[in-house]
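Enquirer: Predicted structure and sequence below. I'll ask about it afterward.
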Amino acid sequence: MNLHRSIQCLLVAGLVVFAAGCQNSYRQTAQQVVELELTGRYAEAASTASQAADGNRGSTTNRVVYLLEAARTSQIASDIDASAGYYAEAYDIIRPYLDTKADARVTEAFTTTLVNQTLEEYRGTVAERIMLNSLQALNKIAQHDYPSARVELNRARDWQQDAVAKAEAEIKKAQKELDSAARKQNVSRKSLDIPPQLQRAYSGLVDQEGYADWRNPFTSWLRGVFLLANANDDGDIGNARFDLRDVLSMNPGTASLVDPDLQAIETRRIEPRTWVVFMSGLAPDLEEFRLDIPIPVGNVNYVAAAFPILKPRPDGVTGLRLTADESTVDGVLLANMDAIVAADYEKRIGLIVAQEILSAAIKTTATWAASQAAGDYGAVANIAGILYQAVSTSADLRGWRTLPKSIYAAGIPTPASGTLSIHSSNGRLLAEPRVDPDGFNLVTIVLPSSAAPTAAVQSLRLDPGPRPAPTTTDGSSSG
């Protein structure tokens with residue numbers, strides 16, 4: 001690498017290092033939003049996330065992750081219209097990547113390898129895209145826009161099918177391109193493998209059995225019960241059967257939840273039913289793990305690199321018990337979001353690690369070459385390069401942090417009294433909402449942590465019909 005090229009790399013990188021401040025700003029905002037959610041200050045969390053999303057619409061780098069947080073926190077705070085707007089805006093940005101655009105771009109690859117992956121445009125992981133449209137479907141149900149809810153559930157299914165069809169192929173293609181870039185930089189392919197220290201940190205994250213190929217039982221179940229409640233023809237009934245059976249294939253432990261609905265389909269005795277969904281805790285966090293990698297560059301034997309480590313959150317109220325008209329039903333763990341996020345993460349981690357190691361090697365090579373070519377000013381060039389590396393070495397910790405940790409569900413025939421009493425497995429009262437005694441209902445409960453004093457609750461009519469009395473965030477009727 002000649003002096004001109006070395007200085008060019010360092011200067012170009014230096015011009016974009018200021019963007020690292022955006023990463024720090026994101027981390028601070030995300031931490032603040034999470035802390036507000038964990039303590040049950042849902043309106044404050046929504047306000048904070050919305051301000052960040054509104055202020056970062058011009059940032060192509062981070063706008064999607066801000067929009068996702070604003071959408072979810074607004075949804076938890078029962079500001080459905082705002083939530084639906086943010087979800088729609090995020091979907092419009094990432095929609096082209098469903099079937100037309102490739103997720104990897106050459107121009108981004110140069111910038112992110114030269115600096116770090118935080119400068120790459122955040123477009124959401126596959127798991128996040130599926131949840132985006134699944135949660136947007138809940139908004140559309142709350143707005144009594146059932147045709148749009150159907151569209152959103154179909155979009156969630158499309159993301160999953162698209163991922164199975166092409167996501168792994170794109171990951172392999174990107175890995176091949178990184179291998180080629182490594183050869184040009186005289187970096188061995190073996191050097192890009194996950195180091196043993198990281199393998200230990202990544203191993204045993206969460207049991208991912210049943211969540212391969214980006215499968216999400218919550219999405220399939222929600223689509224199944226929605227079609228069951230809104231069936232227009234035999235095609236809808238057939239699709240509901242398929243989705244509910246798919247849930248069983250992913251998670252056999254859901255039999256007590258799914259079997260009554262499958263039996264209703266088989267006997268064609270589909271009567272009003274009420275389901276409760278309890279979204280507990282928050283999704284895994286990402287932490288930075290710094291490590292020296294043994295790659296000889298000039299007279300340097302190690303290069304510094306930073307990697308994201310997935311850290312599940314320990315807090316979360318578990319279990320679900322539903323009581324109505326003297327009948328009690330225990331819920332099931334429908335979806336382990338920790339496992340879903342981890343399964344998605346595991347598919348991408350090899351690529352993330354290889355790109356970070358190559359980035360570290362390129363920056364070290366540029367620093368060493370510049371110091372050698374600078375003659376009497378070599379020491380200055382070396383110091384500048386070292387400072388640049390220290391500033392620019394940063395793991396990409398972006399992710400949708402307000403997704404739930406666990407999703408529980410239970411179902412019963414719709415009670416004639418229209419009243420429910422819902423508890424966690426340890427007896428904590430979560431909500432006592434009212435539902436429409438004449439229809440299909442869906443009650444959603446969100447409790448980000450055991451420290452949150454109250455849960456956020458919504459009682460939704462799942463099929464077209466009169467609107468139920470609105471409920472407050474503590475589950476009581478406001479009417």
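Expert: That came through, no problem.
Enquirer: Grab the longest helix from the protein for me.
Expert: helix 337-373 (DSSP state H).
Enquirer: What average pLDDT does it get?
Expert: Mean pLDDT, helix 337-373: 76.
Enquirer: Check stretch 443-459 too.
Expert: Averaging pLDDT along stretch 443-459 yields 96.
Enquirer: what about it, how long is it end to end?
Expert: 4 Å (C-alpha to C-alpha, to the nearest Å).
Enquirer: Now do the buried residues in that stretch.
Expert: Neighbour counts using 16 or more other C-beta atoms under 10 Å place 443-449, 452, 454-459 of stretch 443-459 among the buried residues. (Glycine included, C-beta is placed from N, CA and C.)
Enquirer: Could you identify the pair within the residues you listed that is furthest apart?
Expert: Pairwise distances across the buried residues of stretch 443-459 peak at 22.6 Å for 449 and 459 (criterion: C-beta to C-beta).
Enquirer: coming back round to it: tell me which of the buried residues of stretch 443-459 fall in strands.
Expert: Among the buried residues of stretch 443-459, DSSP state E puts 443-447, 456-459 in strands.
Enquirer: Quick one: the helices in the stretch 101-250 of the chain, in order.
Expert: Here the stretch 101-250 of the chain has its helices, by DSSP state H, counting those that start in this stretch, at 106-114, 126-142, 146-162, 168-184, 196-202, 217-229, 234-250.
Enquirer: Compare the ones you listed and report which one is nearest to residue 264.
Expert: Distance to residue 264, taken as C-beta to C-beta, is lowest for helix 217-229 among the helices of the stretch 101-250 of the chain, at 7.5 Å.
Enquirer: tilt between the closest one and helix 126-142?
Expert: With axes from the mean of the first three to the mean of the last three C-alpha atoms, to 10 degrees defining the directions, helix 217-229 sits at 30 degrees from helix 126-142.
Enquirer: which helices and strands does helix 217-229 pack with?
Expert: helix 126-142, helix 146-162, helix 234-250, helix 255-267, strand 273-280, strand 332-336, strand 406-413 (3 or more C-beta pairs under 8 Å, 6 or more residues apart in numbering; DSSP states H and E).
Enquirer: Just want the angle from the first one to strand 273-280.
Expert: Spelled out, it's helix 126-142. Interaxial angle, helix 126-142 versus strand 273-280 (the same axes, to 10 degrees): 130 degrees.
Enquirer: Quick one: distance of helix 126-142 to the chain centre.
Expert: Distance, stretch centre to chain centre, for helix 126-142: 11 Å (C-alpha atoms, centre = their mean, to the nearest Å).
Enquirer: Mind listing what's buried along that helix?
Expert: 126-142.
Enquirer: quick one, phi/psi of the nearest residue to residue 319 once chain neighbours are set aside?
Expert: Once flanking residues are discounted, residue 319 sits nearest to residue 425: 2.4 Å by C-beta to C-beta, 6 or more residues apart in numbering. Here is the backbone geometry of residue 425 (degrees, to the nearest 10): phi -70, psi -20.
Enquirer: Tell me, how many residues neighbour residue 88?
Expert: By other C-beta atoms under 10 Å, the residues close to residue 88 number 16.
Enquirer: Check residue 165 too.
Expert: The burial count for residue 165: 10, using other C-beta under 10 Å.
Enquirer: who touches residue 139 in this structure?
Expert: Listed by C-beta atoms under 8 Å, 6 or more residues apart in numbering, the contact partners of residue 139 are 75, 80, 83-84, 87.
Enquirer: In contact with residue 311, which residues?
Expert: For residue 311, the contact set (C-beta under 8 Å, 6+ apart) comprises 284-287.
Enquirer: What about those residues, which one has the most neighbours?
Expert: So for the contacts of residue 311 (other C-beta under 10 Å), the most neighbours sit at residue 284, 24 neighbours.
Enquirer: ok, so what distance separates it from residue 45?
Expert: 18 Å (C-beta to C-beta, to the nearest Å).
Enquirer: Residue 169 too?
Expert: Applying C-beta to C-beta, the value for residue 169 to residue 45 is 38 Å.
Enquirer: repeat for residue 397
Expert: Between residue 397 and residue 45 the distance is 19 Å, computed by C-beta to C-beta.
Enquirer: what does residue 351 give?
Expert: 32 Å.
Enquirer: Compare the two (neighbour count), which wins?
Expert: A direct count of neighbours by other C-beta under 10 Å for residue 351 and residue 45 places residue 45 higher, at 27 against 18.
Enquirer: leaving aside the residues next to it on the chain, what's closest to that one?
Expert: Nearest residue to residue 45 in three dimensions, chain neighbours excluded: residue 36, at 3.7 Å (C-beta to C-beta, 6+ apart).
Enquirer: helix/strand/coil for the one you found?
Expert: Secondary structure state of residue 36, per DSSP: H, G, I helix; E, B strand; the rest coil, is helix.
Enquirer: I'd guessed it sits against residue 48; true?
Expert: Yes. Using C-beta atoms under 8 Å, residue 36 is in contact with residue 48, at 6.4 Å.
Enquirer: need the contact list for residue 171.
Expert: Neighbouring residues of residue 171 by C-beta under 8 Å, 6+ apart: 347-348, 350-351.
Enquirer: Can you flag the buried ones in those residues?
Expert: Buried members of these, counted by 16+ other C-beta under 10 Å: 347, 350-351.
Enquirer: Using CSV, lay out the residues you listed together with distance to residue 212.
Expert: CSV is the format used below for these (distance: C-beta to C-beta, whole Å):
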residue, distance to residue 212
347, 9
350, 16
351, 18
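Enquirer: of those, closest to residue 177?
Expert: Ranked by distance to residue 177 (C-beta to C-beta), those are led by residue 351 at 10.0 Å.
Enquirer: Any figure for the gap between that closest one and residue 327?
Expert: 50 Å.
Enquirer: Skipping adjacent residues, who's closest to residue 242 in space?
Expert: In this structure, residue 242 finds its nearest non-sequential neighbour in residue 224, 7.9 Å apart by C-beta to C-beta, 6+ apart.
Enquirer: From what I see, that neighbour and residue 248 are in contact.
Expert: No. With contact defined as C-beta under 8 Å, residue 224 does not reach residue 248; the gap is 10.4 Å.
Enquirer: which neighbours do the two share?
Expert: Common neighbours of residue 224 and residue 248, using C-beta under 8 Å, 6+ apart, are residue 258.
Enquirer: Show me which of those two is the more surrounded one.
Expert: Of the pair residue 224 and residue 248, residue 224 is the one with more neighbours under other C-beta under 10 Å, namely 25 against 18.
Enquirer: pLDDT weak spots in this structure?
Expert: Residue ranges of the chain with pLDDT under 70: 1-23, 99-119, 167-168, 201-210, 295-303, 365-393, 465-479.
Enquirer: on that earlier part again, I'd like the buried residues of stretch 443-459 as CSV, with distance to residue 315 appended.
Expert: Formatted as CSV, the buried residues of stretch 443-459 follow (distance: C-beta to C-beta, whole Å):
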residue, distance to residue 315
443, 23
444, 20
445, 16
446, 14
447, 10
448, 8
449, 5
452, 10
454, 16
455, 14
456, 16
457, 20
458, 22
459, 26
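Enquirer: Of those residues, which is the nearest to residue 321?
Expert: residue 445 (12.0 Å).
Enquirer: wait, the closest one sits on residue 431?
Expert: Yes. Taking C-beta under 8 Å as the definition, residue 445 is a contact partner of residue 431 at 5.5 Å.
Enquirer: Shouldn't residue 308 be within a helix?
Expert: No. Under the criterion used here (three-state DSSP), residue 308 is strand, not part of a helix.
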